[in-house]
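Asker: Next one to model:
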Amino acid sequence: MSRRYLGLPRGRSEEELDLFIKKLELQAKETAEERIPLYLKVGVKDADLILDVGCGSGMVTRDIANLTKGEVFAMDESKEMIKVAKKVLKEFDNVHLAVGDAHNIPFKDNTFDITTCNLLLMWSVDPQRVVNEMKRVTREGGIVLASLEPDFGGKVHWPENPKVDRIFAGEAIRRRGGDPHIGRKLRALFVRAGLETEVGIGNTRIWTCEEDKAYYLHARDYYIKVLREAGLSHEEIDQWEYEYLKSLDDGIQLNFFPQFYAIGKKVKKDG
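Answerer: Below is the predicted model of the structure:
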């Protein structure tokens, strides 16, 4: 969740930053049911040293720190996000924060038992280099985990709105410099890094209309902002919102887009 994750200009306003932090908090809560089983699967509970790359506001790091007795190092290239993370993680004695670029991770080779990232590769300038770096700082026999990388190109949505759907199906992500199809590329990224690789989809449950509505209303300001940036008029946004909320109230709305994970084992040199 570095500045590449933010997708916002470096000179962002305080209002933009606050809005984004609120979105991260909601995002962390809503994806916990996908991420936490993965943390347990890769052995976070028993790991001695864990690195969270692109930690952003620290809200995902908090979940990791709650699950382990080991030491958790968390890094992000944004000084602003690290300041936020210090507040979020102030109660944890086992968390250490640092400023650093995921493309040049400031730690020695073969250091961590587990190196993880969440929603980072989608916003990376060179995701292959990031995965390579995550592997480098992981010890032999250790694990590299990308816990959640979406693929907006696989989004399923009904009822349709052609003008708005294309924005949320990847156009807005691409406009901000991200890769909306990164999920389908995870296997290639991990295999090319030389990792023994397992990929899967973390979100197999389709939300109810009530859950969808609660999420939308909580994050409404963000969605409206995205549509305005895409050039939609106030009238077009109002019409879309009316139709969208009505479909939720009628109980017919369906939203799903795949969120992939990848687990990579760093094989010992002797096999």
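Asker: Am I right that L148 sits in a strand?
Answerer: Yes - L148 sits within a strand when classified using DSSP: H, G, I helix; E, B strand; the rest coil.
Asker: give me every residue that touches G100.
Answerer: 75-77, 106 (Cβ atoms under 8 Å, 6 or more residues apart in numbering). All C-beta atoms are positioned from the backbone trio N, CA, C, and that covers glycine.
Asker: E196 too?
Answerer: 264-265, 267.
Asker: Tell me the most packed of those, by neighbour count.
Answerer: Within the contacts of E196, most neighbours by other Cβ atoms under 10 Å means G264, with 28 neighbours.
Asker: who's in contact with that one?
Answerer: G264 touches 131, 135, 143-145, 190, 193, 195-198, counting by Cβ under 8 Å, 6+ apart.
Asker: Looking at those residues, which are in helices?
Answerer: Secondary structure assignment by DSSP state H places 131, 135, 190 of these in helices.
Asker: what's the distance between the residue nearest to I252 when sequence neighbours are not counted and K246?
Answerer: In this structure, I252 finds its nearest non-sequential neighbour in P159, 7.0 Å apart by Cβ to Cβ, 6 or more residues apart in numbering. Plainly put, P159 is 10 Å away from K246 if you go by Cβ to Cβ, to the nearest Å.
Asker: what ranges do the strands span in the stretch 151-271 of the chain?
Answerer: Remark: strands assigned in the stretch 151-271 of the chain by DSSP state E, counting those that start in this stretch are 156-158, 196-201, 254-256, 259-265.
Asker: Make sure E91 is indeed in a strand.
Answerer: No - looking at E91 with three-state DSSP, it is coil, so not inside a strand.
Asker: residue ranges with poor pLDDT in the chain?
Answerer: 1-17, 19, 270-271 (pLDDT under 70).
Asker: Where does the residue most central in space within it sit: helix, strand or coil?
Answerer: Using Cα atoms, centre = their mean, the residue of the chain that lies closest to the mean C-alpha position is L119, 2.0 Å off. Of the three states, L119 takes coil according to three-state DSSP.
Asker: which residues does the residue lying closest to it once chain neighbours are set aside contact?
Answerer: Once flanking residues are discounted, L119 sits nearest to L148: 5.7 Å by Cβ to Cβ, 6+ apart. Applying Cβ under 8 Å, 6+ apart to L148 gives the contacts 31, 34-35, 118-119, 202, 259-261.
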